[in-house]
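Colleague: What follows is a predicted structure for the sequence shown.
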Amino acid sequence: MIWLAIAYLAGSIPFGLFIARAASGKDVRQVGSGNIGATNVARVAGKPAAIATLALDALKGLLPALLAPRTPEWLPAGCALAAVLGHCFPVWLRFHGGKGVATGLGASLALAPEAALAGAVVWVVLFKLFRISSVGSLAGVAVTLVVASFTAGRFEVAGLAAVAALIVVRHSANIRRLLHRQES
């Protein structure tokens, strides 16, 4: 379906790569984790670049889900997932992208705003406490899904469950490091 393709292509825009290159002259894929997301952009190009990356990555999850037609009923959730898939596996970067957290946040804001806000608050609190982005990200995703199960419709919850599963899979190396107390 054309809406899913548009959502995937929107999600594929590597804002972190563009912003880090413009701010520092460096290729974010060659530094730190090699990830194109806001956390690695912060390492490479600083906090303002990371904030810009976070905002633009969230927008590319928000807009496709928000603008998608409501018929069929599952399409906004499908577009949310397609946008996150695009971020994680962008065609322009040979399918090597980010972990989907900021794009997932934007998608969540479109599908279940209360749940997205709850997840964002959890991320902020845990990041402030532990200074480990993956801890906040994984907990925030879990809280978003739990709150959505009480506040959103079945298609929205299903879409967010798929997004959450993708984010958890993309964090598998982080989870291993967390279990071995080696995550920085």
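Modeller: Great, that's in hand.

Colleague: just how off-centre is stretch 133-140 within its chain?
Modeller: 11 Å (C-alpha atoms, centre = their mean, to the nearest Å).

Colleague: tell me the mean pLDDT over that stretch?
Modeller: Taken as a whole, stretch 133-140 has a mean pLDDT of 97.

Colleague: Only the buried residues of it, if you could.
Modeller: Ser133, Ser134, Val135, Gly136, Ser137, Leu138, Ala139, Gly140 (16 or more other C-beta atoms under 10 Å). Where C-beta positions appear, they are placed from N, C-alpha and C, glycine not excepted.

Colleague: ditto for stretch 26-41
Modeller: Taking 16+ other C-beta under 10 Å as the criterion, stretch 26-41 shows Val28, Arg29, Val31, Ser33, Asn35, Ile36, Gly37, Ala38, Thr39, Asn40, Val41 as buried.

Colleague: Need the residues that contact that stretch.
Modeller: Here stretch 26-41 makes contact (C-beta atoms under 8 Å, 6 or more residues apart in numbering) with 14-17, 19-21, 43-45, 49-51, 53-54, 57, 90, 93, 96-99, 101-102, 133.

Colleague: how about a cut-off of 6 Å?
Modeller: 14, 16-17, 20, 43-44, 49-50, 53-54, 97-99, 102, 133 (C-beta atoms under 6 Å, 6 or more residues apart in numbering).

Colleague: Would you mind checking those residues for buried ones?
Modeller: Members of the contacts of stretch 26-41 classed as buried by 16+ other C-beta under 10 Å are 14, 16-17, 20, 44, 49-50, 53-54, 97-99, 102, 133.

Colleague: mind checking pLDDT for Ala102?
Modeller: pLDDT, Ala102: 98.

Colleague: what about Ser33, distance to Val121?
Modeller: Counting by C-beta to C-beta, to the nearest Å, the gap from Ser33 to Val121 is 25 Å.

Colleague: what's the answer for Leu75, then?
Modeller: Distance from Leu75 to Val121, by C-beta to C-beta: 29 Å.

Colleague: Out of those two, name the residue with the larger neighbour count.
Modeller: Set Leu75 next to Val121 and count neighbours by other C-beta atoms under 10 Å: Leu75 wins out with 21 against 12.

Colleague: Which neighbouring elements make contact with the longest helix along the chain?
Modeller: Longest helix in the chain by number of residues (criterion: DSSP state H): helix 47-67. Packing partners of helix 47-67 (3 or more C-beta pairs under 6 Å, 6 or more residues apart in numbering; DSSP states H and E): helix 2-11, helix 15-24, helix 38-45, helix 75-88, helix 101-111.

Colleague: low pLDDT regions in this protein?
Modeller: Under the criterion pLDDT under 70, no range of the chain is flagged.

Colleague: Spatially, what comes nearest to Ala142 if we skip its sequence neighbours?
Modeller: Ala164 (7.3 Å; C-beta to C-beta, 6 or more residues apart in numbering).
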